[in-house]
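**Q** have a look at this prediction, sequence included:
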Amino acid sequence: MKTNNFNINYIAIVALFFTIFSSCSMIKELEYEVTQNPLHMKGGDVTLQINGKFVEKGLNAKAVAEITPIFFCKDGNEIPFQTEIYQGPKAAGNGKVVPSTGLPFSYTSTIPYQKSMDEGEVKVQVLVKMGSKTEESMSPKIADGTIITSKLIVLDDQVISSSECNFKRINSFTKSATINFNKAKHNVSSKELRDSDVKDLLGFISSSMEEGSRIEVKSIQISSFASPEGEVDLNDNLAQDRGNSTMKSLVSKSKRMKFDAGKETSFYNVVPKGEDWEGFKTEVSKTDNEDKDLILRVLQMTPDLNKREKEIRNMAKSYAFLEKKVLPQLRRSVITVSYDQVGYSDDELKNLVATNPDTLSLEEIIQATLNEQDMNTQLKNYNNAARIYPNDWRIKNNMGYIMYMMGDNDGATKSFEEALAITDNKTVSNNVAAVKHVSNGKSTDEIKSLFESSNTTESKYNIGLIQIEEGKYEESITSMGDTKSYNYALANILAEHYDAASDAIDDLDLKDAKSYYLKAIIGARTSNTEMVMENLKMSFEKDASLKDMAKKDREFIKFFENSDFLAMF
């Protein structure tokens, strides 16, 4: 930067300065360099940095100099920066000592930004004292102020719509029935086929063949058992025979029902289980016999199968309840039908959610709404879902998402808060913080904490917005990651990455007034006059109110006397 001099004997900008300085022997020339001119507002503060030097014998050995930069606002407000005190080596006081050989110095002072600082300039007040003698002087302008480009941020906090949906078009289920057998027999009695569970199962298979049915029977498994009081080999064969008999009966029934798949033995999976020891334990446990625990302990203490079978036969003679209530339940085949239930098509869901949503499950309503593109229809669907299923966080969250996207921040806030009352997860945390950030117009500790706990791509972008507010421009770019936006371009301008900023605007094909304004700023900062003029013109065509901003924006201070610039206002 250019080095400037305050020369006590040669300043002639204002006659008063010349008179004061020309008669002053207490302080001579000061060299100075303002590191950033115009000054910038960053993170809500304005910082003045000066690197300067007292020349040789620049301060009288007995003098004390109080140096105070002052921001003179256009509206008349005067805002002082921090005062620095320097003194000659023979002066009394606690100031920084300036030896006769001179002294380089670095000055930094930060003050809170005020709106009146948008237009103004910085001068330096110098008050020199030596004994009873006091002299005060004011420098010419040393800096302009203030660039406030960070205030061009547009809070576009990103919210998250939950796509979590457990809807399955095809769901697999099973349905079962049991056929019981007489002791040591494997033939299926007609009485068993008339039992309600068997009739229901056969009726279910028959109804699956009706027109419009959403049921498709896929296979039938037959698990067959024998009670454990006989010999192992005989019971194994008996279980096999019972399975085969059950299959033959089902094949016969399938032919009568014209159930083509069931006519073939290959459709069945016969699984003989032999003696049903586990079933025996279960059935004994279900009884109220006072000796049931004793019976079970005896069996557990008898690992040899043949001995265990003998014990059961003996106990069956002593305990009539075993023969009447337990063992008959074990002589059986269990028929398990595996089938698929086909859900509604997308078109059917769309029609039903619009005309009769109460007939749909929660997941079906969510699926229908995820398929929908129109936001008004989506919101209507979610309102119905909230009425029918009031305790699902996804419904409340997605209602908030739609209202936020439609510009209804109050409605979005209410829905997101309701979602948070149901569950606290990373999606809801981000959304609650996002809508608060937009509504407040600035961040708070609570908002920042919610974003940090969310740790999603969206919340990281939103943290990037906060970092622009805080003046942490490099961190903001990192937080936003691959999420390119107007604010991403702004952060790059503030971080002085002008190519990246321009590329982002071009890649996103941003054509709004503020994006053109940003490109004009890039032109000003890179001394591209044509870029400034072209983009300001486009910006004003989109939004004429930006003229008032541009004519006093210190980004364009170099053009304030440019005829082409002035002609646009």
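**A** Yes, it's here.

**Q** so where do the strands sit in the stretch 51-200 of the chain?
**A** Using DSSP state E, counting those that start in this stretch, the strands found in the stretch 51-200 of the chain span residues 64-73, 78-80, 84-87, 96-97, 103-112, 120-130, 133-138, 143-145, 170-180.

**Q** mean confidence for the biggest helix by length in the chain?
**A** Counting residues, the longest helix found in the chain (DSSP state H) is helix 232-257. Averaging pLDDT along helix 232-257 gives 95.

**Q** check which residues of that helix are buried.
**A** 235-236, 238-247, 249-251, 253-254 (16 or more other CB atoms under 10 Å). To be clear about C-beta, it is placed using only N, CA and C from the backbone, and glycine gets the same treatment.

**Q** also stretch 550-569?
**A** Buried residues in stretch 550-569, counted by 16+ other CB under 10 Å: Ala550, Asp553, Arg554, Glu555, Phe556, Phe559, Phe565.

**Q** which residue, other than its chain neighbours, is closest to the third one?
**A** Across the structure, with CB to CB, 6 or more residues apart in numbering as the measure, the residue nearest Arg554 apart from its sequence neighbours is Pro38 (4.2 Å).

**Q** returning to what we had before: could you tell me the least trusted of the strands of the stretch 51-200 of the chain?
**A** Mean pLDDT is lowest for strand 133-138 among the strands of the stretch 51-200 of the chain, at a mean of 91.

**Q** counting contacts, what elements does it pack onto?
**A** On a contact count with 3 or more CB pairs under 8 Å, 6 or more residues apart in numbering; DSSP states H and E, strand 133-138 meets helix 15-22, strand 120-130.

**Q** let me see the mean pLDDT of whichever helix or strand comes after the first one.
**A** So the one you mean is helix 15-22. Once the chain leaves helix 15-22, the next helix or strand it forms, by DSSP states H and E, is strand 30-34. Averaging the model's pLDDT scores along strand 30-34 yields 86.

**Q** any low-confidence regions in the stretch 251-400 of the chain?
**A** Residues of the stretch 251-400 of the chain meeting the criterion pLDDT under 70: 305, 309, 316-319.

**Q** all helices for it, in order.
**A** Here the stretch 251-400 of the chain has its helices, by DSSP state H, counting those that start in this stretch, at 277-286, 292-300, 305-318, 320-321, 327-330, 346-355, 362-371, 375-388, 393-405.

**Q** same for the fourth one, what does it pack against?
**A** Other helices and strands packing on helix 320-321, by 3+ CB pairs under 8 Å, 6+ apart, are absent; none qualifies.

**Q** rewinding a little: the residue nearest to Arg554 contacts Ile148, doesn't it?
**A** No: counting by CB atoms under 8 Å, Ile148 is not a contact partner of Pro38; they are 9.9 Å apart.

**Q** rewinding a little: among the buried residues of stretch 550-569, which are located in strands?
**A** Using DSSP state E, no member of those falls within strands.

**Q** in TSV: those residues, plus pLDDT and distance to Asn166.
**A** Converted to TSV, these look like this (pLDDT from 0 to 100; distance: CB to CB, whole Å):
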residue	pLDDT	distance to Asn166
Ala550	97	54
Asp553	97	54
Arg554	97	57
Glu555	97	53
Phe556	97	57
Phe559	96	60
Phe565	96	61
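
**Q** just the C-alphas of stretch 81-91, formatted as CSV.
**A** Output of stretch 81-91 as CSV, limited to C-alpha atoms (Å, rounded to 0.1, in the frame of the first residue of the first chain):
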residue,chain,number,x,y,z
PHE,A,81,-11.3,4.4,17.8
GLN,A,82,-8.9,3.5,20.6
THR,A,83,-6.5,6.2,21.8
GLU,A,84,-2.8,5.4,21.8
ILE,A,85,-0.4,7.4,23.9
TYR,A,86,3.2,8.1,23.0
GLN,A,87,5.8,10.1,24.9
GLY,A,88,9.3,11.4,24.5
PRO,A,89,12.1,9.7,26.6
LYS,A,90,12.1,12.6,29.1
ALA,A,91,8.4,12.9,29.5
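
**Q** in it, what's buried?
**A** For stretch 81-91, burial by neighbour count (16+ other CB under 10 Å) applies to Phe81, Glu84, Tyr86, Gln87, Gly88, Ala91.

**Q** go through the residues you listed and name the one nearest Gly411.
**A** Phe81 (46.2 Å; CB to CB).

**Q** please report how far the closest one lies from Thr377.
**A** Phe81 is 58 Å from Thr377, where distance means CB to CB, to the nearest Å.

**Q** need the buried residues of stretch 550-569 in TSV with distance to Lys42, can you?
**A** Formatted as TSV, those follow (distance: CB to CB, whole Å):
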residue	distance to Lys42
Ala550	21
Asp553	16
Arg554	14
Glu555	14
Phe556	19
Phe559	23
Phe565	26
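
**Q** those: which two are farthest apart?
**A** Arg554 and Phe565 (13.4 Å).

**Q** kindly reformat the buried residues of stretch 81-91 as a markdown table containing distance to Leu352.
**A** Formatted as a markdown table, those follow (distance: CB to CB, whole Å):
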| residue | distance to Leu352 |
| --- | --- |
| Phe81 | 70 |
| Glu84 | 77 |
| Tyr86 | 83 |
| Gln87 | 88 |
| Gly88 | 92 |
| Ala91 | 91 |
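
**Q** elements contacting the host helix or strand of His437?
**A** In the assignment (DSSP H and E), His437 maps to helix 426-440. Using 3+ CB pairs under 8 Å, 6+ apart, the elements in contact with helix 426-440 are helix 393-405, helix 409-422, helix 445-454, helix 457-469.

**Q** make CSV out of those helices and add distance to Glu192.
**A** Formatted as CSV, these follow (distance: least, CB to CB, whole Å):
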stretch, distance to Glu192
helix 393-405, 48
helix 409-422, 50
helix 445-454, 60
helix 457-469, 61
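
**Q** next, format those helices as JSON lines and append distance to Val337 and mean neighbour count.
**A** Shown next, in JSON lines, are these (distance: least, CB to CB, whole Å; neighbours: other CB atoms under 10 Å):
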{"stretch": "helix 393-405", "distance to Val337": "34", "mean neighbour count": "24"}
{"stretch": "helix 409-422", "distance to Val337": "38", "mean neighbour count": "19"}
{"stretch": "helix 445-454", "distance to Val337": "46", "mean neighbour count": "17"}
{"stretch": "helix 457-469", "distance to Val337": "46", "mean neighbour count": "23"}
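
**Q** tell me which of those sits nearest to Ser429.
**A** Here helix 445-454 is closest among these (CB to CB), at 4.4 Å.

**Q** residue contacts, the residue lying closest to Asn391 once chain neighbours are set aside?
**A** Excluding the flanking residues, the one nearest Asn391 by CB to CB, 6+ apart is Ile422, at 6.1 Å. Each residue near Ile422 by CB atoms under 8 Å, 6 or more residues apart in numbering is listed here: Asn391, Asp392, Trp393, Lys396.

**Q** how much space between Ile422 and Trp393?
**A** To Trp393, Ile422 is 4 Å away according to CB to CB.

**Q** check Leu201 too.
**A** Leu201 is 39 Å from Trp393, by CB to CB.

**Q** and what of Val98?
**A** For Val98, the distance to Trp393 (CB to CB) stands at 68 Å.

**Q** what does Met247 give?
**A** The value you get for Met247 to Trp393, if CB to CB is used, is 49 Å.

**Q** swap in Leu39?
**A** 48 Å.

**Q** quick one: Val217 is in a strand?
**A** Yes: per DSSP: H, G, I helix; E, B strand; the rest coil, Val217 lies within a strand segment.

**Q** so what's the spatially closest residue to it that is not a sequence neighbour bridging to?
**A** Using CB to CB, 6+ apart and skipping the chain neighbours, the partner closest in space to Val217 is Tyr339 (4.7 Å). Judged by DSSP bridges, the bridge partners of Tyr339 are Phe173, Val217.

**Q** give the contact list for Tyr339.
**A** Here Tyr339 is in contact with Ser172, Phe173, Thr174, Lys175, Ser208, Ile215, Glu216, Val217, Lys218 (criterion: CB under 8 Å, 6+ apart).
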